[in-house]
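In: got a sequence here, can you build the structure:
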Amino acid sequence: MPEGDTVYRTATKLREALVGRTLTRCDVRVPRYAAVDLTGQHVDEVLSRGKHLFIRVGAASIHSHLKMDGSWVIGSFRGPQHRIRIVLGTADTVAFGIDLGVLEVLERANDQDAVAHLGPDLLGPDWDPQLARQNLIAEPDRELADVLLDQRVMAGVGNVYANELCFVLGKRPDSPVGEVPDPLRVVQRARDMLWLNRNRANRIITGNTRRGQQFWVYGRSAEPCRRCRTPIRRDDSGDRIRYWCPNCQR
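Out: Numbers count the residues shown, from 1 in each chain. Here you go, the predicted model:
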């Protein structure tokens, strides 16, 4: 599932493939931007901001958001062609934007307006734990999982990390955020989790690298809690699936 760490790695991959090169192909397969052709333009920069990506080419900026199913593929793509939203080619390689939830071409000078609403980026140079803490406790009656997923609080946490953070904090996902005794620890732990996984293809939250042992609760419905052996519970009645241990999380 694409979260801040996935987008960070994707930006690194695109940076290595495209930056410093001239586009020899630009095919945007979104009706609104189908006439855009950046062929011959120089790729200057690739940025990630939370779950958003920006590829800066000349005076333009290609803004994408992976949403639930999106990805960028370098080199070749053998899947159905209708899934391709954009193709960027150079003399050396080609990048395919697949199933992108958001794809738009912006003016480079103003591209950050698209993410001005975001809180501090957990993996970015603007990371500010004190600001993230203030954002976290601004509405103390909101449910903890919902606040963690709110990109205006801090940018980068998705549903996997939200569930895992709740377990590590010993709080149910539906606990009021005002009940968290140390909000600064929450945002610092979120930063630690994403930072340690930013260069890994497979996330590891528990510290155990063995297959199937990486998560505390996420995706482990009815399986025994790794700490107390109580069966993990799952609630999929809302917009996001929640997992928790009824014994370890109060």
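In: what segments of this protein are strands?
Out: Secondary structure of the chain (DSSP state E): strands at 25-28, 43-49, 52-57, 60-65, 71-74, 84-89, 94-98, 102-107, 233-235, 242-244.
In: report the buried residues of the fifth one.
Out: Pointing back at strand 71-74 there. Residues Trp72, Val73, Ile74 are the ones in strand 71-74 that count as buried (16 or more other Cβ atoms under 10 Å). Yep, even glycine has a C-beta here, placed from its N, CA and C like the rest.
In: what average pLDDT does that strand get?
Out: For strand 71-74, mean pLDDT rounds to 97.
In: same check, this time on the last one
Out: Summarised as a single mean, pLDDT over strand 242-244 is 98.
In: care to break this structure down by domain?
Out: 4-115, 129-244 (the TED database).
In: pull up the distance across the last one, start to finish.
Out: End-to-end distance for domain 129-244: 26 Å, by Cα to Cα, to the nearest Å.
In: same check on stretch 140-156?
Out: 21 Å.
In: distance between it and the chain's centre?
Out: Distance of stretch 140-156 from the chain centroid (Cα atoms, centre = their mean, to the nearest Å) equals 14 Å.
In: do stretch 34-50 as well
Out: With Cα atoms, centre = their mean, you get 20 Å for stretch 34-50.
In: next: stretch 129-147.
Out: The answer for stretch 129-147 is 19 Å, by Cα atoms, centre = their mean.
In: what segments of this protein are helices?
Out: Applying DSSP state H to the chain gives helices spanning 4-18, 129-136, 144-149, 159-169, 183-197.
In: could the ones you listed be laid out in TSV, adding distance to Arg29, mean neighbour count and mean pLDDT?
Out: Listed next are the helices of the chain as TSV, based on distance: least, Cβ to Cβ, whole Å; neighbours: other Cβ atoms under 10 Å; pLDDT from 0 to 100:
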stretch	distance to Arg29	mean neighbour count	mean pLDDT
helix 4-18	18	21	97
helix 129-136	36	18	98
helix 144-149	30	22	98
helix 159-169	28	23	97
helix 183-197	31	19	97
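In: Gln214 against Asn197, yeah?
Out: No. At 9.6 Å, Gln214 does not count as touching Asn197 under the criterion of Cβ atoms under 8 Å.
In: circling back: quick one: closest of the strands of the chain to Ala116.
Out: Shortest distance between Ala116 and the strands of the chain, using Cβ to Cβ, is found for strand 43-49: 9.9 Å.
In: find the nearest non-adjacent residue to Ala59, please.
Out: Arg108 (5.3 Å; Cβ to Cβ, 6 or more residues apart in numbering).
In: is it true that that neighbour touches Gly58?
Out: Yes. Arg108 lies in contact with Gly58 (Cβ under 8 Å); the separation is 7.4 Å.
In: ok, those two, which is more surrounded?
Out: Of the pair Arg108 and Gly58, Arg108 is the one with more neighbours under other Cβ atoms under 10 Å, namely 17 against 14.
In: what's near enough to touch that one?
Out: Residues near Arg108 by Cβ atoms under 8 Å, 6 or more residues apart in numbering: Arg56, Val57, Gly58, Ala59, Ala60, Ser61.
In: same question, Leu88
Out: Leu18, Leu23, Arg25, Cys26, Leu38, Val43, Ile55, Ile62, Val94, Ala95, Gly97.
In: got a quick PyMOL command for the buried subset of those residues?
Out: Here is the PyMOL selection string for the buried members of the contacts of Leu88, based on 16+ other Cβ under 10 Å:
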select buried, resi 18+23+26+38+43+55+62+94+95+97
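In: between the contacts of Leu88, which is nearest Asp192?
Out: Ile55 (28.7 Å).
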